[in-house]
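Trainee: Okay, here's the prediction I keep looking at, along with the sequence it came from:
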Amino acid sequence: MNKEIITTEKAPAALGPYSQAVKVGNLLFTSGQIPIDPATGDYLNDTIEMAAERVFLNLKAVLDEAGTSFDNVIKTTVFLKDLNDFVPFNEVYAKFFTENQPARSCVQVAKLPKDALVEIELVAIVE
């Protein structure tokens, strides 16, 4: 199987030597997204709700570029700076995954790039 690198200007550019996403067969693997607005470069990290919303918009841009959507996400991995943000984070998460929710892991981590409140990566099917 070949791998295809997925890149879009509608999501923040990679902060290091990695791709925004890689498609292999009918599976898409995204890199973690943090709350950076790709249009302005602004870092939206005031609240967990603001940060999570921006991260999901970034992920949506990558999914769109790959020709898929949140409906086809099968696994998410969520990294929270503070697990006390779990409940408000879930409220934002539920807006993007309204039914047939994907499998998920959610962990607290010591530090994220740019001291982000949240980083999310996912795996999706590309039909």
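Mentor: Noted; the coordinates are in hand.
Trainee: Kindly list the main-chain dihedrals of E53?
Mentor: Dihedral pair for E53: phi -60, psi -50, per degrees, to the nearest 10.
Trainee: burial of it, as a residue count?
Mentor: By the criterion of other Cβ atoms under 10 Å, E53 has 16 neighbours. C-betas here are computed from N, CA, C, even on glycine.
Trainee: residues touching it, list them.
Mentor: Residues in contact with E53, defined by Cβ atoms under 8 Å, 6 or more residues apart in numbering, are L44, V92.
Trainee: can you tell me how far it sits from E127?
Mentor: E53 is 26 Å from E127, where distance means Cβ to Cβ, to the nearest Å.
Trainee: Now do the residue nearest to I125 when sequence neighbours are not counted against A116, distance only.
Mentor: Nearest in space to I125, with sequence neighbours left out and distances taken as Cβ to Cβ, 6 or more residues apart in numbering, is N72 at 4.3 Å. Remark: distance between N72 and A116 (Cβ to Cβ) = 25 Å.
Trainee: can you check E99 too?
Mentor: 28 Å.
Trainee: the more surrounded of these two?
Mentor: A116 (23 against 5).
Trainee: Let me see the contact set for the more buried one.
Mentor: I34, P35, Y43, N45, A51, K81.
Trainee: per-residue confidence for it?
Mentor: pLDDT for A116: 97.
Trainee: cool, K111 as well?
Mentor: Model confidence at K111 (pLDDT) stands at 96.
Trainee: Quick one: neighbours of it, just the number.
Mentor: Neighbours of K111 (other Cβ under 10 Å): 9.
Trainee: same thing with S19?
Mentor: 16.
Trainee: quick one: it and I6 touch, right?
Mentor: Yes. If you go by Cβ atoms under 8 Å, S19 and I6 touch, sitting 6.9 Å apart.
Trainee: hmm, who's touching stretch 57-73?
Mentor: With contact meaning Cβ under 8 Å, 6+ apart, stretch 57-73 is reached by 6-8, 10-12, 20-21, 23, 28, 30, 33, 35-36, 38, 96-97, 100, 102, 120, 122-127.
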